[in-house]
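1. next comes the sequence, and after it the predicted model I'd like to discuss.
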Amino acid sequence: GSRQVAVREQERRHQDAAEDEGPSTRNPSPAEANRQQPGRRSSDNRPSSHDSLLNEFAYCVASFSAVFTPVSITMILSALVVVFVNTDETRAEGAATYANTYEAVDLEEGNSSQNFFASIINTFIIVTVIGLMTFVVVLLYKYRCMKVLVGYMVLVT
């Protein structure tokens, strides 16, 4: 009887005191914290889903910018060098070198169907090698093998 009434009265006073002190000293449930202040961390210091999405988006933008800027600068500088530094002689030498390098199958004059299939095979070989090299570079980056990547970049340039 009277003991239960006293306990209920004490709990009610404790709740009233907590409400009078305001939300800064009272620990709301995680659901209450997210409802009261969207985008804020809950009392158990876990980020809300809104914070996670914003952090992921910021990371994606920063990653894109980190890759896009140097690649763009390199492409622009390469194009300028090709336009202004190359001469007719160097262009002819480069064309001959690439023609010999990328031909995996010799082509005969006159047999168009055989030349067509040989061209398809050449294309398949070139695309496969480029795709495989790209896949290896991505795996090296994913597993943070930066010394190997730097060595590869020095070797191919």
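-> Great, that's in hand.
2. which other helices and strands does the helix or strand residue 150 falls within contact?
-> Using DSSP states H and E, the element containing residue 150 is helix 146-156. With contacts taken as 3 or more CB pairs under 8 Å, 6 or more residues apart in numbering; DSSP states H and E, helix 146-156 sits against helix 112-142. C-beta: built from backbone N, CA, C; applies to glycine.
3. buried ones in the helix it packs on?
-> residue 118 (16 or more other CB atoms under 10 Å).
4. do the same with stretch 74-85
-> Quick answer for stretch 74-85: no buried residues (16+ other CB under 10 Å).
5. neighbouring contacts of that stretch?
-> The contact list for stretch 74-85, computed with CB atoms under 8 Å, 6 or more residues apart in numbering, is empty.
6. can you check stretch 143-157 too?
-> 137, 140, 141.
7. let's see that with 6 Å instead.
-> Stretch 143-157 is contacted from outside by residue 140, using CB atoms under 6 Å, 6 or more residues apart in numbering.
8. mean confidence for that stretch?
-> The predicted model gives stretch 143-157 an average pLDDT of 88.
9. just stretch 76-85 next, same as before
-> Stretch 76-85 carries an average pLDDT of 88.
10. do the same with stretch 99-116
-> 70.
11. span of that stretch from start to end?
-> 17 Å (CA to CA, to the nearest Å).
12. what about residue 75, helix or strand, and which?
-> Per DSSP H and E: residue 75 is located in helix 49-85.
13. quick one: the helix or strand just after that helix to helix 112-142, angle?
-> Scanning forward in sequence from helix 49-85 by DSSP H and E, the next helix or strand is helix 88-101. If you take axes from the mean of the first three to the mean of the last three CA atoms, to 10 degrees, helix 88-101 sits at 100 degrees to helix 112-142.
14. and helix 88-101, what does it pack onto?
-> Counting contacts by 3 or more CB pairs under 6 Å, 6 or more residues apart in numbering; DSSP states H and E, helix 88-101 packs against no other helix or strand.
15. quick one, it and helix 49-85 angle?
-> Using the same axes, to 10 degrees: helix 88-101 against helix 49-85 is 120 degrees.
16. from here on, count from 125
-> Understood, numbering begins at 125; the last thing we discussed is helix 212-225.
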